[in-house]
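Student: coords please:
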Amino acid sequence: MGGYIHEFAIGDGNCRSASFCYPFAACADPLNPGCFWIGEFASIRYCDGKTVSLVAGCADNGSADGACRDATFWHVHSLLATSDGRTLYVGEGVNRRLRSVDLKLQTVRTICGDGKYESRDGKFLVSVHSSHVL
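Tutor: Now for the predicted structure:
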């Protein structure tokens, strides 16, 4: 799978030949030593040590929630995996949002932030999955 983000190419495949667009974040897979997720400009990808593949997002930036294949991101800059490997928490710079990727259900949803450039308190969505509470 490949695509373009502005003039920057991204491409999955062999780890040595995969291309990236601003890979800002990496997060180890707690269930698979040596494997990790990569957060880049508009997508999240997974490296199993041999190949790189798209997990969520696409070549277009945005803030759409939904199925991983339809979700859009804009400047993924931080990733955190839960210890059970089910959920990735994603911090986005331009979107100014914190989002979750349910790796089992293959869905993305915004859990806080409305995209506005300001710092203020507000309601926080509570999520209870398996053994972790946010």
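
Student: quick one: contacts for the residue sitting nearest the centre point of the chain?
Tutor: In the chain, the C-alpha nearest the mean C-alpha coordinate belongs to Ile44, at 4.0 Å (C-alpha atoms, centre = their mean). Applying C-beta atoms under 8 Å, 6 or more residues apart in numbering, we find Ile44 in contact with Trp37, Ile38, Leu54, Val55, Ala56, Gly57, Phe73, Val76, Leu79, Leu88, Val90, Val101. Every C-beta, even on glycine, is put in place using the N, C-alpha and C of the backbone.

Student: is the last one in a helix, a strand, or coil?
Tutor: Spelled out, that is Val101. Assigned with DSSP: H, G, I helix; E, B strand; the rest coil, Val101 falls in the strand class.

Student: quickly list what it is bridged to.
Tutor: With DSSP bridges as the criterion, Val101 is bridged to Leu88, Val108.

Student: so it makes contact with Ile111?
Tutor: No. When contacts are counted by C-beta atoms under 8 Å, Val101 is not listed as touching Ile111 (10.7 Å).

Student: quick one, which of these two is more surrounded?
Tutor: Val101 (24 against 16; other C-beta atoms under 10 Å).

Student: any idea how far the more buried one is from Asn14?
Tutor: Between Val101 and Asn14 the computed distance is 24 Å (C-beta to C-beta, to the nearest Å).
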